[in-house]
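Trainee: Sequence first, predicted coordinates after that:
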Amino acid sequence: MKQQHSLQKSLNRWILLSTLAFALLAGVTAGLNAYHEAREYQDMHLQQMGELLQTGSVRPETGLVLETESTEKQRRDERDDILMILQLDRAPERYRHMTAALADGLHTLDWDGHAWRTLLITQPPTSTTSALPGRFAVAQLTEVRNELALESALRSGIPMLLLTPVLLLLVHRVIRYHLSPVAELARKVDARHEHDLTPLEGQRIPQELSPFLHSINHLLIRVEQNMAQQRRFVADAAHELRTPLTALSLLTENVARAPDLQSVRERLQPLQESQQRMQTLVTQLLGLARLQGHRPDTFKPASLSACVQGVVADLYPLAEARRIDLGVSRQTDLMVTDTEGGLALLVRNALENALHYTPMQGQVDIELYREGGDAVLRICDNGPGIPDSELERVFEPFHRAAVNTAPGSGLGLTISREIALRLGGHIRLQNRPAGGLCFCYRQPIVDPSGSVTPSTS
């Protein structure tokens, strides 16, 4: 079984990664800002010392190292305050050679394996000040600004890193608190009896889960309704089967008591008719069960007009026997989806009903045409019709209208509606003003590849 996704672990993981990313970003940003600020501060400090040197306030010796106090920050490391002033004319050759090609101003130089921020100054001979003439270098280690930048980055990033466990613990507690009603609801569902399909109550369920709970309750209601319908169906099926079984039993006893062979033959005919009705009923029950188990992968395009022609040809002898005028007044070749003869069974049930309920020498008209993106099939007769109050009830299993005098099981229209639902169609019965009933079936048209044509009706 596929491992389930944990909301708690996902949130913890994303909070940890986000916190680390923000801590790193904050540290880098703070370090860069501190680096630029330290560089500006260091350059300003060197320029101030250069001005003092130019005014004669400072008179360096070769290699002289002066100790100065920081005017803005108290350094923790003594070397941070080291300031070196060199008179390059009297300095070692390597220092003069290193700075000979450089212009006056600020530079970063490598002296004796250390990086120094250096201010080069050329002091011309003058009598107005006591400053010494010549070229000078005022330098300070760059480690000062680098350590300051690192220190600032750590001060910004470490608090966020220390805050990460607190955030994870807080999120864990909040999620557990808000999801505890879900766990409690799951325990209640597990403790339910399998026949208890009452809607779930979740007053403390988080708002984000309310649509899911609402859908579950709707599903439970539909399951309860379906189970109730199935129970009624089973009860009705048992009742309908009991009647022919009882008749078969009585007819069998009647045949057994027949005095001679001629009587046996006479009594076998109703027995065979009863057996045929029972076989038809069982066949329809099995067909209905098979239809309810179909999946969309069994569907394929089919010609509705060819289906109607085939059914009319099969039932034409019945129309002739009852001297019924059976005709197709309008027909268009239309493609719809079908599933293993389901469409033919739907048309056959509708046409058989029309032929059975139409009186002798009556009339049944068939129309097949396109309306928008739908194929429409109408089968109209001039029979007694159905009371308006029962136009929907006749689709229920085993229900037969009060005016029904024709033989049947009461499953034909139930099966037809089930087929229509599976094919995406719709059946409607309508009484005719002049008398009779119209069976109207509507289904979306498809092209030969099976894609549905948009409906504009």
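Mentor: Yes, it's here. Residues are numbered from 1 along each chain as shown.
Trainee: Same question for stretch 110-126: list its buried residues.
Mentor: 111, 116-121, 123 (16 or more other Cβ atoms under 10 Å). Just so you know, the C-beta spots here come from the backbone N, C-alpha and C atoms, and that holds for glycine as well.
Trainee: List just the nearest of those residues to residue 227.
Mentor: Closest approach between the buried residues of stretch 110-126 and residue 227, by Cβ to Cβ: residue 117, at 86.1 Å.
Trainee: how close does the closest one sit to residue 36?
Mentor: 13 Å (Cβ to Cβ, to the nearest Å).
Trainee: All the helices of the stretch 301-450 of the chain, residue numbers only.
Mentor: 304-321, 342-357, 412-423 (DSSP state H, counting those that start in this stretch).
Trainee: Export those helices to TSV and append columns for distance to residue 106, mean neighbour count and mean pLDDT.
Mentor: Putting the helices of the stretch 301-450 of the chain into TSV (distance: least, Cβ to Cβ, whole Å; neighbours: other Cβ atoms under 10 Å; pLDDT from 0 to 100) gives the following:
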stretch	distance to residue 106	mean neighbour count	mean pLDDT
helix 304-321	92	16	91
helix 342-357	91	23	89
helix 412-423	86	20	85
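Trainee: CSV for those, including distance to residue 185?
Mentor: Formatted as CSV, the helices of the stretch 301-450 of the chain follow (distance: least, Cβ to Cβ, whole Å):
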stretch, distance to residue 185
helix 304-321, 49
helix 342-357, 41
helix 412-423, 33
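Trainee: Nearest approach to residue 215 belongs to which of the ones you listed?
Mentor: So among the helices of the stretch 301-450 of the chain, helix 412-423 is nearest, using Cβ to Cβ, at 21.0 Å.
Trainee: Tell me the helices and strands packed up against that closest one.
Mentor: helix 261-292, strand 335-338, helix 342-357, strand 426-431, strand 437-444 (3 or more Cβ pairs under 8 Å, 6 or more residues apart in numbering; DSSP states H and E).
Trainee: sorry, back to before: return the subset of the buried residues of stretch 110-126 lying in strands.
Mentor: Mapping these onto strands (DSSP state E) picks out 111, 116-121, 123.
Trainee: Closest to residue 23 out of those?
Mentor: Taking Cβ to Cβ as the measure, residue 23 lies nearest residue 117 of those, at 29.8 Å.
Trainee: Surely that closest one and residue 142 touch.
Mentor: Yes - assessed by Cβ atoms under 8 Å, residue 117 is found in contact with residue 142 at 5.3 Å.
Trainee: Which residues are in contact with each of these two?
Mentor: Counting by Cβ atoms under 8 Å, 6 or more residues apart in numbering, the residues touching both residue 117 and residue 142 are 42, 108.
Trainee: who's in contact with the closest residue to residue 210 other than its chain neighbours?
Mentor: Closest residue to residue 210 apart from its sequence neighbours, by Cβ to Cβ, 6 or more residues apart in numbering: residue 202 at 7.6 Å. Residue 202 sits next to 181-182, 185, 209-210, 213 when contact means Cβ under 8 Å, 6+ apart.
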